Structure formats: structure tokens, C-alpha cells
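> Quick one, fold the following:
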Amino acid sequence: MRTDDRHLHVRGESVFVDDIAAPAGCLQAVVVYSPVAHGRITKLDTSRARAQDGVVTVLTAADIPGENQIGSIIQDEPLLAEKDVHHVGQPVALILAGTMRQARQARSLVDLDIEPLEPVTDARVAHARGQLIQPPRTFALGDVDQAWSQCAHIVTGRADTGAQEHFYLETQGALVIPAEDGTLTVHSSTQGPTAVQKAVSRVIAVPMHAVEVDVRRLGGAFGGKEDQASAWAVMAALGAVVTKLPVRLVLDRADDMVMTGKRHPYSSDFKMGLDDQGKVLAYEVSFYQNSGSAADLSTAIIERSLFHTTGSYQVPNVRATAHCCRTNLAPFTAFRGFGGPQAMFVFESALERAARVLMMPVHELQKRNLLEEGSVFPYGQMAEDCRAVACWEQADRAFDFAGLVAHANEHNRTHTATKQGVAMMPVCFGISFTNTALNQARALVHVYHDGSVNVSTGAVEMGQGVNRKMRLVVAKTLGIDPLRVRVDTTNTGRVANTSPTAASSGSDLNGEAARLAALQILERLRLVAADKFGTSDLAGVDWEELVQAAYWSRTDLSAHAHYATPNIGFDKQTETGKPFAYHVYGTAVCQVTLDCLRGTATLDEVKLVHDGGQSIDRGTDLGQVEGGLAQGLGWVLLEDLNYAPDGRLLNDTASKYKVPDIGFGPRNLEVQWLENAPNPRAVMGSKAVGEPPFMYGIGAYFALRQAILAARPDLDPDHVAPLTPERTLMLLAAPKTNPNEEAEV
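Reported below is the predicted structural model:
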């Protein structure tokens, strides 16, 4: 029997929330949401909707038996609006009907009047008005104020990065089935089963043990279902409790895009000081995060920005300040990289600005400032097993960066209609939840009479291959064929108090817990083998015979294990500590050709060296590297989310939002693994792989800027991403200020 997701996917047999067979009497739910970004509800009349054929009921905040609150870190987000609304798409009521068509028809019959108030959609405006979700936080290293006097060159500037839609294939959804004893089974498309369990418990006013959350798989998530999956599961649970019937709530694409949060837009100010040799002596940055109307995970995300303030570089004097700015947009949320990409983009922007002032190639500045063994990060942790230089040197050697630059310069000298740019992008990304308590996991392993094995962990499969890794970890530990191992659904009744599958930690935490559980069983089997077969060396013992012998000798063939990442912690009072178990490194080389007449760019090459440790499954890791890169490229070059001044999302359907396709990708993509790079700090010597590759895409942005500046050396534009064809064309067509000759890369 082959139950790997990859086999089920290609046959179209994979089951998602909307594919689960509807129980008898199952109702369909549709959300009524605010059409305005900020206002006061003056009328909410659901009588006409209730009278619609097939409608069972319409629920509002008044129907909530528990607490009308789903905020996770900060309690500032009601499930259903009561008096005020704070963003377009904020849920106000829930319609339950026999069919989806009936529910949607009834939605148009709800009389909802809202007295509009002035919305704020810009983070800097919100900051100026004092609309902050939490007080500013600052990470500091050295003495920045004193260091400025030692700098031969000081550059300042602004960098802006936009929002990004997760665009998971499976939209948000849940199916809730009530049982005879008042308990609920919740099938949720969530990265955080325990977060859903806790939210349902709070809103429905039942103990957590009365809520069983079960997750087979997700059709993609990328962070968008870490916190924001909870609302839809809670609404379905509310409907099930009120009606005593099963309820399914699955958003269509348009509702999903309007009502859910995206990657946080950032606007940042930087100041960088360097000596004559290009060494960065001081760096100061202020991040203005557009958090949206509620906290969601914004405070944790901007903390991650602070942790990655200096990217892959060592800087002796740093001051980074973070502002979570409350606006009237849907609460922004987790997205691959979790605030790290925004911070790294700013530092790379500052380096590029400095390179122009010093008249030095930017890759020289990058190389001279790379992290080394023992370098200190702005939060006090030292770089251990630092591989920033090793990745850079392997990439430089393998991909002939100097040759690519020479080729681009020659192309630019001899071509006017097209220009080329080449850039390197080093990556350093910390692995662990920065909330130390989340760095724990549990696993339950059963060995059955016939030698087959069942594994339950807190990891959620969402296309990243974590189930395959769990299977391989247990199989390798027990020394059996992986086909003997089945990975069960993620279920809060089997594995409790799960951390979300996020922060690139799913395999690290749950894989080690599964390994420890398997080791317990293995040690018991060694004793059985010594007693029954006269040897503790299991290599020469038939597995099925051994398991049978263990059963008949009444040996426990089940084990539960707990794993907590050792030697990590962070003090938020001093803003210092060791938040990460280790770091992942890598370097990408990106080459771009710009069509100066059209403003379009072709990604000629992306070649990279990735620090992947001793991989549990290299094919799975390769897929994550390639997928993360594609998503990063989309963020900086293509995916442009726009909001009207009144807070409406303008890209509110799939037809209005451009995501990377096969034609957008690099013509030549090559991934090399860093040589001789074991990792003693994670399961079986592996390294996390989910988020770090996203940042490689940033290199393509700077390669494209190099090409633009080769065509227009008189320009000195602010750093704004995404650098779409429209934005590129506007830069190329800008009035000339200085008719200099064409520049070199």
C-alpha cells in the first residue's frame, strides 16, 4: 500500500476539507462581512435572509455562548463584529443553509448599514497618529551614536516592500460535526490544530477536551493558515452548536482574498556607515509594519524582522526599531519567512546605496561583511558553525560570478535595447520559534502484530513533505522498510498541545519526537531479541518474528515521546539571548535580461548553493528550495497587491492577481548543496528547509535594478518592491536628470 501524498495527488485521490463526505443534514455556511474599512454598525437586520428558502438560521455576535474573541497573542479581534468594523471583509454574521447557493443568495438579503469613519491604510500615517498595536521595540548592539564619527561614508534611504497573497490552492475551510455528548469533531485546514482547538473552546465555552481537531492535509498554506484558519473553524463550530447539525464553511476564492490577511507590507528608513574599505561599522533602521486592524501574529513577525535586521552580515554597531502600525486593512499574518525577508531587503538596499557612493561593486561590499564564526548578532547570539563564507565561496567558484559580470558588462556595452544585471544574494536564517515555549513536540508510535507501524505527530502535511520525512525517520530508526510505516492524521486527541507547523520547525521538532518514541520501542525489542534469539543485534533478526515475540512476551509496542529544543531562550526585557538552535546559510547568483522597450525582464539564471545539512530526503528538500525561490521571485518582481484609499482590496479575484507561472521562472535553475555540512542540532543531522530559500529571490530584484541602472545611470530611485514590469517601465521612461554614460554592473 502506497499512501504518500505525492501518489495520491497525481491520481486525484487526496482528500481535503471540502472533499470529506457531507454527513446527513450538513449545513453550508457563508460569511456576511463589512463592505467598508472603518465604521460604526447602525443597522443589522437579518430577517429577510432568515426567511429565504433553505436558510436555517443567521448567527450574529449575540449568539456566541462564550467569548467573542479569537485574538491569539493580543485579545483584540472579535469573531463577529458587534458595534464597529475595522476593515473590509471583517465578519459580521454567519448564514447557515441547506445548500451553498441558498446561503449565498441569503447573504444579499442582509440589511447592513454602516456609518463610515475615516480609514487609515498607510503604516506611516498610522504611526504618526499613534495607532500602534504594541510599544516600539529596539534591538541594539555596540554604540551606534558613537560609531557614526568613525565612518568615512554614511548613506541613508528608504525601502518599501509590498503585501503578498498566499494563494494556496485550497482556500480556508472547516467541517464541524457535533456528537451526542456535546463534543465536536473539527476538520480544519489549519497549520495549528491546537490553536483551533483553543479558539473553539473559548468561543463556544467548552473545555478543550470537548473539541477534537483532525487534519489530514492542507492544499498549501505558506503561513496563511497558522493563525487565520481559526476563525472559520470557530464559525462552523458555532453553527454546529446552535443547530446541532454538521456545518461546513469553505471560502470561495474571492471571499478568501478579501477576508484573509497577507504578507505584511513594510516601509523602512535606513542609515548605514562604512569605512573606506567598505566595512560596515554602523547600521540603524526603523521598520514601519502595516499590521492591519488587529494584532494576529504581527508582534511575533516584526520580532523576527528584528532578529534578521543585518541578514548575512556582521555589523559591530546596530540599532533597529520596530513599529507595529494599526491600520484599517485585514489583519496581515504569517507568510514564509515571517518578517525575515522584509528586514533582509532593507539591508541589501542599504548596501546597494553604499556601493554607489563608494563606487565599489556591491558584491565586494557583501563579501567583505559576511558573517564569520563567532560573529555576534544584534540580539547577542554568536554565530556557530557559520557557513556564510563557505556558501559564498562555493557559489562564486561553481558559477563563475566574475565571468557572469564580465559578460553582462560586455552585453550592456554593445546593446541598447536590452541590458543585463547580475547579483549575489547571501542568506542566513535562524531556525526555531522565537517564542521559546513553542519549541516542543510530541509523537505517538504504535507497532502492530504484523510489523506495520503507525505514527502520530503534531506536524501538519501541507505539501512540504513532512509526512514523508516522519515516515523515513521512524523507518530508519527501527531499521525497516518505509512502506511498513503509515503516518496518521494530525489529531489533538492523539497528540495534544501541538505547536503550529511553522517557523521551518515541523520536521526538526516532530521528527525528533518521533525518533525518540521509536527508540523507546527499539530498546524494548533489543531485550526481547536477546531473550528469544540470543542476540541484541537486530540486523540479523526477522522483523515480523521479533514483533510477534515481543507481543507474546507482553512487551509494550507503543511509545509516546516529548522533545524540547535544548539550550535556547530569549529575554525580552534585555532583548538578548539565544533564540535559535542554529542558522541555515546559502548564496544565490541571479542573472536578468531587461527589455528596455517593454520593461519586461527575463530571469536567465538562478544558481544557488544551499546549506541543507544531512538531508532526511533530498528530493523533498529540493522541492522546497525550488518552491521557496519561486515564491520569493514573485514577491519582489511580480505580485503587486493594491488597496484603494477607502481600504478596498483591488486585487480581489484570481484574475486580478498575478502569481509566478512556469514561463516566469528562470531559464536555467541549478541547486547545489553545501559540501561537508552536517548539523548536530537537528534530527539525523538535517537542516530546516521551508523558509530560507524564499530569500534567494531578493537577488533577482537587485539584478534587475542593475540592468535598469545600466540603461539609466542617471537614476537613483528608492528601493520599492515588487519591481513589476509597469514600475520598471516607468523608471526607464522617467525624465533624464544626468546624461551620463552607461554604467557597469
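
> Every contact and neighbour count from this point should use C-alpha atoms.
OK.

> Average pLDDT for stretch 718-725, rounded please.
For stretch 718-725, the per-residue pLDDT values average out at 97.

> Please point out which parts of it sit buried.
719, 720, 721, 722, 723, 724, 725 (16 or more other C-alpha atoms under 10 Å).

> helix/strand/coil for residue 446?
What DSSP: H, G, I helix; E, B strand; the rest coil gives for residue 446 is strand.

> err, residue 194, not the other one
Of the three states, residue 194 takes helix under three-state DSSP.

> Kindly report the same for residue 37.
Using three-state DSSP, the structure places residue 37 in coil.

> Tell me how far it lies from residue 653.
Distance, residue 37 to residue 653, by C-alpha to C-alpha, to the nearest Å: 18 Å.

> Those two: which has the busier surroundings?
residue 37 (26 against 15; other C-alpha atoms under 10 Å).

> check contacts around the spatially closest residue to the more buried one that is not a sequence neighbour.
Using C-alpha to C-alpha, 6 or more residues apart in numbering and skipping residues adjacent in sequence, the residue nearest residue 37 is residue 87, 3.8 Å away. By C-alpha atoms under 8 Å, 6 or more residues apart in numbering, the contact set of residue 87 is 34, 36, 37, 38, 293, 328, 329, 330, 647.

> Looking at the buried residues of stretch 718-725, which are in strands?
Of the buried residues of stretch 718-725, the ones assigned to strands by DSSP state E are 719, 720, 721.

> close enough to count as contact, the last one and residue 160?
Yes. With contact defined as C-alpha atoms under 8 Å, residue 721 and residue 160 form a contacting pair (6.3 Å).

> And the ones in strands among the buried residues of stretch 718-725, which is closest to residue 473?
Of all these, residue 721 has the smallest distance to residue 473: 40.0 Å, by C-alpha to C-alpha.

> and residue 214, helix, strand or coil?
Here residue 214 is recorded as strand under three-state DSSP.

> Next one, pLDDT for it please.
Listed pLDDT for residue 214 reads 98.

> okay, which residue is most central for this structure?
Closest to where the C-alpha atoms of the chain average out (C-alpha atoms, centre = their mean) is residue 336, at 2.2 Å.

> List just the nearest of the contacts of residue 87 to residue 94.
Once C-alpha to C-alpha is applied, the member of the contacts of residue 87 that ends up nearest residue 94 is residue 34, at 12.2 Å.

> contacting residues around the closest one?
Contacts for residue 34 (C-alpha under 8 Å, 6+ apart) come out as 85, 87, 88, 89, 90, 91, 92.

> Return the distance of the fourth one relative to residue 662.
Counting by C-alpha to C-alpha, the gap between residue 89 and residue 662 amounts to 32 Å.

> Mind checking which of the two has more residues around it?
Between residue 89 and residue 662, counting by other C-alpha under 10 Å, residue 89 is the more crowded of the two (24 against 8).

> burial count for residue 520?
Burial of residue 520 is recorded as 17 neighbouring residues (other C-alpha under 10 Å).

> If I follow the layout properly, it ends up in contact with residue 559?
Yes. Shown here, residue 520 and residue 559 form a contact pair, counting by C-alpha under 8 Å, at 6.5 Å.
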